[in-house]
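1. Could you work out the structure for the sequence below:
(2 chains)
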Number of protein chains: 2
Amino acid sequence: MYAIIVYDVSVERVNKVKKFLRTYMTWVQNSVFEGELTKSEFETVKIGLKNIIDEDYDSVIIFSSNTSKYINRKILGVDKNELTDIL
Amino acid sequence: MYAIIVYDVSVERVNKVKKFLRTYMTWVQNSVFEGELTKSEFETVKIGLKNIIDEDYDSVIIFSSNTSKYINRKILGVDKNELTDIL
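-> From the prediction side, this is the model:
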């Protein structure tokens, strides 16, 4: 399945979320990751995020689709992901 | 079609982008909007964003699908959209 994860978490947890998500998905923009996940990886990511965030304060939205085939992607302006490949 | 827009733009343009997108879509989290758009609204949103952002510096990613039917949505922690309805 294809997943897009956006998060708005307290500053002391941002790096932990980013480091965790990087092991499964691609960073595409501040607080946005995307990527193909197996069902078990999807569960692992959900549980992992729950263990990191403060559910009373932080917010994570996971958009997912059975296949990336149903999701179009258009970039206006800079593709920050490309930039990070160079840096 | 269903669209999810995430943006990372310079601070002097954030409010302008937010104000513009609010006329067509729902704010769900910092720098994240989602919503159902007709094809012409989709074009209007793309052109409108291009007119606001600095394409050499800012980054907008538009994820879209023909229908929201193909996109699942799961929230971990706080649903910031609900909060803003109360504030």
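
2. Strands along chain A, start to end?
-> With DSSP state E, the ranges of strands along chain A come out as A:2-8, A:26-29, A:32-36, A:59-65, A:72-77.

3. Determine which stretch of the ones you listed is the most buried.
-> Using mean count of other CB atoms under 10 Å in any protein chain shown, the stretch among the strands of chain A with the greatest mean number of neighbours is strand A:2-8 (a mean of 23). Bear in mind the C-beta positions are built from the backbone N, C-alpha and C, glycine included.

4. Off-centre distance for that one?
-> Relative to its parent chain, strand A:2-8 has a centroid offset of 4 Å by CA atoms, centre = their mean, to the nearest Å.

5. Tell me the strands beside it, with direction?
-> strand A:32-36 (antiparallel), strand A:59-65 (antiparallel) (DSSP bridges).

6. Now find how far off-centre the shortest one is within its chain.
-> Between the mean C-alpha location of strand A:32-36 and the chain-wide mean there is a distance of 5 Å, by CA atoms, centre = their mean.

7. picking up where we left off before, so for residue B:70, which of the strands of chain A sits nearest?
-> Evaluated over the strands of chain A, closeness to residue B:70 peaks at strand A:59-65, with 5.0 Å, by CB to CB.

8. For that closest one, report the contacting residues that lie outside it.
-> If you take CB atoms under 8 Å, 6 or more residues apart in numbering or on different chains as the criterion, strand A:59-65 is touched by A:1-9, A:17, A:37, A:42, A:45-46, A:49, A:53, A:71, B:4, B:28-29, B:32, B:63, B:65, B:70-80.
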